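In: build me a model from this:
(2 chains)
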Amino acid sequence: MALGTAFDEVLAAARAGAEWAVTALYRDLNPPLLAYLRAVEPTDAEDLASDVWLGIGRNLSAFEGDEAAFRGWAFTIARRRVVDLRRRRGRRQTDPAPNETFVAIAGSDDPEAAALRALGADEVRRGIVELLPPDQADVVLLRVIGGLDVRQVADVLGKRPGAVRVLQHRALRRLAKALAARGVTK
Amino acid sequence: MTFSGDSYSDMERFALDPDTADRLLSDALEPEGVPHRYGEVALLLRLASGPTDGARFGEEAAVATVVGAIRSSHRPAAARRTGTHARLKVATAGVVAAFTLTGGLAAADALPGPAQEVAADALAVVGVHVPNPAGGPPTSREPANVPGPRPGPSTLTTTPAPVTSSATVPTLTQPSTVSATSTSVSVASQPAASAGRTHGSTSPTTVPQSSQTQSSPAPKATGSAPAAAPGPTSTSMPPTQARPARNPNAGTQAGPTQRPQRPQRPDRPDRPTPRQ
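Out: Alright, predicted model coming up:
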């Protein structure tokens, strides 16, 4: 939420086509968008991000809401692009990976914290996606990367907030078990 | 085992209440508040929220694309507005042209009979009077409600309706006892007509021959108007509306001319009725 109180002014200017305002929105929102897309679709993340911003530009005049709503709207577009891409492929590329993911990256001899810190952010996010089922990974990434709350994540995923809470709870337990089982967490 | 695949022992080992889970994902937990066995999960999530490499790569091109998309999304709306305005202008011009053409033809009495009648009725509403083949209001471009005859002699002599080349002149017999009221009503309701030819006359006005022009074709008395009959008439009937005659070959006999009274419109209750 970098724009804060200036968001309304920036949004109005962006609607009018002001380049500086679009740049401000892009700098604020593109990093988490790209992080999410790289986590779920690493090979097509940049293309997907371009599609997302194109969709934002085409429909910006119809958007109404605050900065949080704008963020949620952008991630909704991003996830729909991901779903469309997977539908075109006819298969899913982010199948849950074996729990050896983090162990293989970190190595069993390294201290657990050092092992994790040795990973880049993109690798960590990618590891989460490979470790968790798709819906749980979506919840974790949207909450951690997108900064969305439970209700916003529910809107993005088309689920009820209660279902999102259940998913995030299971996701955290699964992560804890995976890290503990492979020696990352004692 | 539970339905989610966890054993009961795992559930106990990795117990996590929903509120803590929510705060863990919001990065709102202090390190000392992180539950046992979830320390590395918290670290993992913190690392996952880290910066993304190359997020600003190609920023200028991306922003230019977005700006282009925003501006192009505005164009269709502007084009729609422009198209709507253009269609509205064309429609307005068409309506004006149609009215002008119809009015011109009607004024020239060049329309077919039914069309002429419809045009005359329609134009009479807006104060323009054109020849009407079916009779009705005066067929002149002057105001229709020329004041009726003023109270004159107690017995008026009615002459046959003179017929001019363009129209006939109505001949009405106005009894002195009733015509005053009707005249005053007409004057009050049509003040613009006070400049008519019969204004101020206390007796039936004799319109000169030269005044019977096309612009003021006079109606002929019809229907229940006995005044159309020649000869002296003494009647107490109120003035009746005369219908115009379209007889361009009629004679141009001059005679006393009284413009017919236009009946009061009952559909104008808001207009006060003048009193004597």
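In: looking at chain A, which helix or strand is least sure?
Out: helix A:101-106 (a mean of 52; mean pLDDT, DSSP states H and E).
In: does stretch A:2-17 reach chain B?
Out: Yes - using Cβ under 8 Å from any Cβ of the partner chain, we find that stretch A:2-17 touches chain B at A:14-15, A:17. C-beta: built from backbone N, CA, C; applies to glycine.
In: give me the distance between the residue positioned nearest the centre of chain A and A:E64.
Out: The residue lying closest to the centre of chain A (Cα atoms, centre = their mean) is A:Y36, at 3.0 Å. From A:Y36 across to A:E64, the span is 24 Å (Cβ to Cβ, to the nearest Å).
In: surely A:L172 and B:L16 touch.
Out: Yes - contact status for A:L172 versus B:L16: in contact at 6.0 Å, counting by Cβ atoms under 8 Å.
In: of those two, who's got more company?
Out: A:L172 (27 against 19; other Cβ atoms under 10 Å in any protein chain shown).
In: coming back round to it: now do the same for the residue nearest to the centre of chain A: its pLDDT.
Out: We note a pLDDT of 94 for A:Y36 in this prediction.
In: secondary structure element holding it?
Out: helix A:19-40 (DSSP states H and E).
In: next SSE after that helix?
Out: Next along from helix A:19-40, by DSSP H and E: helix A:45-59.
In: starting at the chain centroid, how far to the very next helix or strand once past that next one?
Out: Using DSSP H and E, the helix or strand that follows helix A:45-59 towards the C-terminus is helix A:67-89. Its chain's C-alpha centre and that of helix A:67-89 lie 10 Å apart, by Cα atoms, centre = their mean, to the nearest Å.
In: of all the residues in the stretch 51-200 of chain B, which one is nearest chain A?
Out: In the stretch 51-200 of chain B, no residue comes nearer to chain A than B:A69, which is 3.0 Å away by Cβ to the nearest Cβ.
In: dump the residue contacts of that residue.
Out: A:54, A:56-58 (Cβ atoms under 8 Å, 6 or more residues apart in numbering or on different chains).
In: looks to me like it is in a helix.
Out: Yes - assigned with DSSP: H, G, I helix; E, B strand; the rest coil, B:A69 falls within a helix.
In: got a list of what the closest residue to it other than its chain neighbours touches?
Out: In this structure, B:A69 finds its nearest non-sequential neighbour in A:G57, 3.0 Å apart by Cβ to Cβ, 6 or more residues apart in numbering or on different chains. Residues counted as contacts of A:G57 (Cβ under 8 Å, 6+ apart) are A:22, B:65-70, B:73.
In: try it again at 10 Å.
Out: Going by Cβ atoms under 10 Å, 6 or more residues apart in numbering or on different chains, A:G57 touches A:14, A:17, A:22, A:25, B:62-63, B:65-73.
In: read off the pLDDT value for it.
Out: 93.
In: same check on the one 5 residues further on?
Out: Among the per-residue scores, A:A62 shows a pLDDT of 89.
In: now do the one 5 residues further on
Out: The predicted local confidence for A:E67 comes out at a pLDDT of 92.
In: any idea of the mean pLDDT in stretch A:72-79?
Out: 95.
In: using CSV, list the CA coordinates for that stretch.
Out: Output in CSV follows, covering the C-alpha atoms of stretch A:72-79 (Å, rounded to 0.1, in the frame of the first residue of the first chain):
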residue,chain,number,x,y,z
GLY,A,72,-7.5,-7.1,-5.3
TRP,A,73,-8.9,-6.3,-8.8
ALA,A,74,-5.4,-6.5,-10.3
PHE,A,75,-4.8,-9.9,-8.7
THR,A,76,-8.1,-11.1,-9.8
ILE,A,77,-7.1,-10.3,-13.4
ALA,A,78,-3.8,-12.0,-12.9
ARG,A,79,-5.3,-15.2,-11.6
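In: that one and chain B in contact?
Out: No - using Cβ under 10 Å from any Cβ of the partner chain, stretch A:72-79 stays clear of chain B, with a minimum separation of 11.6 Å.
In: name all residues that make contact with the nearest residue to B:G54 once chain neighbours are set aside.
Out: Spatially, and ignoring its direct neighbours in sequence, B:G54 is nearest to A:L34 (7.8 Å; Cβ to Cβ, 6+ apart). The contact partners of A:L34, taken as Cβ under 10 Å, 6+ apart, are A:45-46, A:48-49, A:52, A:78, A:122, A:145, B:52-57.
In: before we move on, back to that, can the residues of stretch A:2-17 next to chain B go into CSV with extra columns for distance to B:A120 and neighbour count?
Out: Compiled in CSV, the residues of stretch A:2-17 next to chain B are given as follows (distance: Cβ to Cβ, whole Å; neighbours: other Cβ atoms under 10 Å in any protein chain shown):
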residue, distance to B:A120, neighbour count
A:A14, 62, 26
A:R15, 56, 17
A:G17, 57, 20
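In: what would the residues you listed look like in a markdown table with secondary structure and pLDDT?
Out: Converted to a markdown table, those look like this (DSSP: H, G, I helix; E, B strand; the rest coil; pLDDT from 0 to 100):
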| residue | secondary structure | pLDDT |
| --- | --- | --- |
| A:A14 | helix | 93 |
| A:R15 | helix | 91 |
| A:G17 | coil | 90 |
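In: A:V153 against A:Q136, yeah?
Out: No - with contact defined as Cβ atoms under 10 Å, A:V153 does not reach A:Q136; the gap is 11.4 Å.
In: more neighbours: which of the two?
Out: A count of neighbours by other Cβ under 10 Å puts A:V153 above the other of A:V153 and A:Q136, at 26 against 23.
In: in the chain, which ranges drop under the pLDDT threshold?
Out: Just so you know, I chose chain A. Residues of chain A that meet the criterion pLDDT under 70 lie in A:1, A:91-118, A:182-186.
In: wait, I meant chain B there
Out: Applying pLDDT under 70 to chain B flags residues B:1-12, B:75-83, B:134-276.
In: and residue 87, how many residues sit next to it?
Out: Going with chain A. 10.
In: I was thinking of chain B, sorry if that wasn't clear
Out: B:R87: 10 surrounding residues under other Cβ under 10 Å.
In: name the SS class of it, please.
Out: Three-state assignment for B:R87 (three-state DSSP): helix.
In: quick check, A:V150 in contact with B:D19.
Out: No - the pair A:V150 and B:D19 fails to qualify as a contact (Cβ under 10 Å) at a distance of 11.4 Å.
In: between the two, which one's more packed in?
Out: Just comparing A:V150 and B:D19: by other Cβ under 10 Å the higher neighbour count belongs to A:V150, 23 against 9.
In: the more buried one: what's it in contact with?
Out: Contacts of A:V150 (Cβ under 10 Å, 6+ apart): A:139, A:142-143, A:159-165, A:167-168, B:18, B:22, B:25-26.
In: for B:L47, state which of the residues you listed is nearest.
Out: B:L25 (13.8 Å; Cβ to Cβ).
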